[in-house]
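Undergrad: Coordinates only, no sequence provided:
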């Protein structure tokens, strides 16, 4: 969260936004999902994610930085178990946007990802907290943008974080769908 505050402060205190016009883009990142899972037992999982993404450079090649915080909540009613996880992530990499005419654009991104989390488990009224080690991993993604007007664009993308975790899948998929507005 400190990185999110720092990125916001830096972006708002730039000396001359006129000199960076067209070179700096700042986007909010907000998402919510609720899924029903059936393994190991039927249960629900909620996730709220928020943060900022900034890119600096020309559309063909730009440096990108992203900081987010996510809050997960998983309930296992049959076991009287609730698991809550708060994770802070930072991503630093390169982004390339290729225009395919005046309406479509295609984006590629890749770089490094860092994640720090805290897991709180409550079972039968007893709460335990665990702080796993920070882990670093690469990420890669692609996206498609459709200009709906001069100022509004619809965006869809998929970013894959290659976690390298031996248990379960070693890839974390992050699909996105949203709108962006230019002011």
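TA: The structure has been received and is ready for your questions. It should be emphasised that the depicted structure is a prediction, and the values quoted were computed from it without experimental measurement.

Undergrad: ok, residue 145 touching residue 177?
TA: No: using C-beta atoms under 8 Å, residue 145 is not in contact with residue 177; the gap is 11.4 Å. (Glycine included, C-beta is placed from N, CA and C.)

Undergrad: what about these two, which has more around it?
TA: Neighbour comparison, residue 145 and residue 177: the larger count goes to residue 145, with 19 against 10 (by other C-beta atoms under 10 Å).

Undergrad: Report the spatially closest residue to that one, excluding sequence-adjacent ones.
TA: residue 105 (4.2 Å; C-beta to C-beta, 6 or more residues apart in numbering).

Undergrad: Checking my notes, that neighbour in a strand, right?
TA: Yes: using DSSP: H, G, I helix; E, B strand; the rest coil, the assignment for residue 105 is a strand.

Undergrad: Could you give the number of residues near it?
TA: There are 18 residues near residue 105, going by other C-beta under 10 Å.

Undergrad: Hmm, residue 60 and it touching each other?
TA: No: taking contacts as C-beta under 8 Å, residue 105 lies outside contact range of residue 60: 11.0 Å.

Undergrad: Between those two, which contacts overlap?
TA: Common contacts of residue 105 and residue 60 (C-beta atoms under 8 Å, 6 or more residues apart in numbering): 97-98.

Undergrad: For the residue nearest to residue 117 when sequence neighbours are not counted, which residues are in contact?
TA: Residue nearest to residue 117 in three dimensions, not counting chain neighbours: residue 87, with 3.9 Å by C-beta to C-beta, 6+ apart. By C-beta under 8 Å, 6+ apart, the contact set of residue 87 is 69-70, 72, 115-118.

Undergrad: Many thanks, I have nothing further to ask.
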